[in-house]
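**Student:** I would like the atomic coordinates for the input below:
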Amino acid sequence: MIWKQPCDAGVAIAAPSAPATAGARPWILAATILGSSLAFIDGTVVNVALPALQRDLAATAVDVQWVVEAYSLLLSALLLVGGALGDRLGRRRVYAAGIVVFSLASAACGLASSVGALVGARAVQGAGAALLVPGSLALIGASFPARERGAAIGTWSSASAVTAALGPVAGGWLIEHLSWRWAFFLNLPLAAVVLVLLFWRVPESSNPDAGGRLDWPGATLATAGLSGLVYGLLESSRLGWHDASVLAALAAGAVALVAFGVVEARGRAPMVPPALFRSRTFTGANVLTFFLYGALAALFFFLPLVLIQVHTYSATAAGAATLPFIAVMSVLSPWAGGLVDRVGARRPLVVGPLVAATAFALFALPESAHPYWRTILPPMVVLGLGMAITVAPLTTTVMNAVDVRHVGIASGINNATSRTAGLLAIAAVSGFVLHVFDGQLGRRLAEARLPPAVEAAVRAERVKLGAIEPPSAATPAERAAIRQTVRASFVAAFRALAVVTALLAMAASATAAVTIDGPPPRAALRPARST
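**Tutor:** Next up is the predicted model:
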């Protein structure tokens, strides 16, 4: 996810066993930027590739949701374990293993001949990302002295923002002019360069105090629980809520997550220490994260589909459509970073999500294909403003809510929360979007007065959403009517989704108002008078 403030995903920053020389540090920074960019680019490019995947693999909307969710599922469940592995086994070693796994899975994605093969390869990609994502900042922290660490992390953050912004544009161009497969093959040369830099210039480091066993029971239960919920929510769109497999998956997922809570509460070294959630501020910040990042993930999943399948954007143009959002965030984030010092955390965390909610509501307004600058640009700019106000104060709040010894695991939990929010939000809203689309499609098909056989053929393809193609038996006039009906129905479903995301952002704002402490009284800030 490209909108999350950098965090170390729960790794402990310790001195390297062999301190990096000044000459090696630029190479270390390059290796960490390029490596983390693999995950950042992949997280943005794949959404742009979804319409092409639907077309070339004859995939349904649920199928392409699995393409996204399989990756997010393994990344969300294993992220904290990946950071802990680096501390114990060596950060360079685990980071390199993540690069290898990610790149091999990328090649498998590019070579996939079916949706099932692609989903399986994406799951392996997610496991690789769980090893490399926490390792990038951990390597910087271990290789740079304290006085240079802040500047190095700032450079990493800026470069990552640039790659996240350019990734969808470059990927869209490859999809448009070559194939969606090249969006995955693009990872291979980058991975090769990273591996050369790692073993040529990056020293190994680990945390000698990171003893004890890894929380494999917790990771297994988290993966099982999230898998059950995601399967049940996604497949309910295709199979219906009364299907036995859907009900069984939801029940099993719920049981596994309850068991996860029990294991974490009783374990000696839990990856999610329950004690941290005794802080109302820490709990509130994570609930806020869940609502707001869930809304973002849901909207940005469906937006490229609408732009390409309804508004006839090219893949390149759809990838570039989000650039104003990223630009506004990048420009305003330094300013927003100082808001906590000036006004405290509560006000930005109440106002920022409300501004984001306004942006989500603006996405619900357009009913037809108007120019970009009237329909997509305004909410993108407003959304960038809302997130810029929110992200830095949110990260600061998470860090300040816990003891300094626990800032690594606290930031890791918040990062995992944001990714889990996206995972569950996409799964949960898919059924809602399909329900609205189905209702709109049925009403508009009835108004079009198509032959019964043609109408039935269109209805049978409803799970493809905007990718529905008119049946071969339809006349040219009927084909035009069907395409218009499908597009109008998809726009109506997207507008309904935008309303839901606005409500989620409002819930995030309300959470901040209730749980985040305001600034201290002015009197407390004045220096005491000398007597």
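
**Student:** so what pLDDT did residue 339 get?
**Tutor:** Model confidence at residue 339, expressed as pLDDT, equals 69.

**Student:** Equivalent analysis for residue 430, please.
**Tutor:** At residue 430, pLDDT is 83.

**Student:** Next: residue 43.
**Tutor:** Model confidence at residue 43 (pLDDT) stands at 71.

**Student:** what's near enough to touch residue 376?
**Tutor:** 307, 321 (C-beta atoms under 8 Å, 6 or more residues apart in numbering). Any C-beta I mention is one placed from the backbone N, CA and C, and that applies to glycine too.

**Student:** From residue 498, how far out is it?
**Tutor:** Per C-beta to C-beta, to the nearest Å, residue 376 is found 12 Å from residue 498.

**Student:** go on, residue 439?
**Tutor:** 17 Å.

**Student:** What is the neighbour count of residue 469?
**Tutor:** By other C-beta atoms under 10 Å, the residues close to residue 469 number 15.

**Student:** tell me which element residue 241 is part of?
**Tutor:** Assigned by DSSP states H and E, residue 241 falls within no helix or strand.

**Student:** Provide a list of residues in contact with it.
**Tutor:** residue 247.

**Student:** I'd guessed residue 236 sits against residue 431; true?
**Tutor:** Yes - here residue 236 reaches residue 431: they are 5.3 Å apart, a contact under C-beta atoms under 8 Å.

**Student:** Which one of these two is surrounded by more residues?
**Tutor:** Higher neighbour count among residue 236 and residue 431: residue 236, with 23 against 18, using other C-beta under 10 Å.

**Student:** tell me which element that one is part of?
**Tutor:** Assigned by DSSP H and E, residue 236 falls in helix 216-239.

**Student:** And the chain, split by domain according to the record?
**Tutor:** Per automatic domain parsing, the structural domains of the chain span 1-212, 215-270, 279-520.

**Student:** what is the mean pLDDT for the shortest one?
**Tutor:** Across domain 215-270, pLDDT averages out at 85.

**Student:** Now do it: distance from first to last residue.
**Tutor:** 6 Å (C-alpha to C-alpha, to the nearest Å).

**Student:** what's the single longest helix in the protein?
**Tutor:** helix 407-448 (DSSP state H).

**Student:** Quick one: name whatever helix or strand follows it.
**Tutor:** Next element after helix 407-448 (DSSP H and E): helix 452-460.

**Student:** Can you point out the buried residues in the helix or strand that that following helix is followed by?
**Tutor:** The first helix or strand that comes after helix 452-460 along the chain, using DSSP H and E, is helix 476-515. Across helix 476-515, burial judged by 16 or more other C-beta atoms under 10 Å covers 478, 481-483, 485-498, 500-502, 504-513, 515.

**Student:** Could you do stretch 46-61 as well?
**Tutor:** 46-54, 57, 59-61.

**Student:** Can you lay out these as CSV showing pLDDT and distance to residue 176?
**Tutor:** Formatted as CSV, the buried residues of stretch 46-61 follow (pLDDT from 0 to 100; distance: C-beta to C-beta, whole Å):
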residue, pLDDT, distance to residue 176
46, 83, 15
47, 80, 15
48, 83, 9
49, 84, 10
50, 83, 14
51, 84, 11
52, 85, 9
53, 84, 14
54, 82, 15
57, 85, 17
59, 80, 19
60, 80, 23
61, 78, 21
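
**Student:** would TSV of those residues with secondary structure and distance to residue 283 be doable?
**Tutor:** Output for these, formatted as TSV (DSSP: H, G, I helix; E, B strand; the rest coil; distance: C-beta to C-beta, whole Å):
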residue	secondary structure	distance to residue 283
46	helix	32
47	helix	30
48	helix	35
49	helix	37
50	helix	34
51	helix	39
52	helix	41
53	helix	38
54	helix	39
57	helix	42
59	coil	39
60	coil	38
61	helix	34
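
**Student:** Looking at these, point me to the pair that's furthest apart.
**Tutor:** 48 and 60 (18.6 Å; C-beta to C-beta).

**Student:** could you list every residue that touches the residue nearest to residue 507 when sequence neighbours are not counted?
**Tutor:** Once flanking residues are discounted, residue 507 sits nearest to residue 291: 4.7 Å by C-beta to C-beta, 6 or more residues apart in numbering. Contacts for residue 291 (C-beta under 8 Å, 6+ apart) come out as 353, 421, 504-505, 507-508, 511.

**Student:** Among these, find me the one that's closest to residue 202.
**Tutor:** residue 421 (32.4 Å).

**Student:** measure residue 393 to residue 353 for me?
**Tutor:** From residue 393 to residue 353 the distance is 11 Å (C-beta to C-beta).

**Student:** quick revisit: same for the longest helix of the chain, what does it pack against?
**Tutor:** helix 61-89, helix 216-239, helix 280-309, helix 377-400, helix 452-460, helix 476-515 (3 or more C-beta pairs under 8 Å, 6 or more residues apart in numbering; DSSP states H and E).
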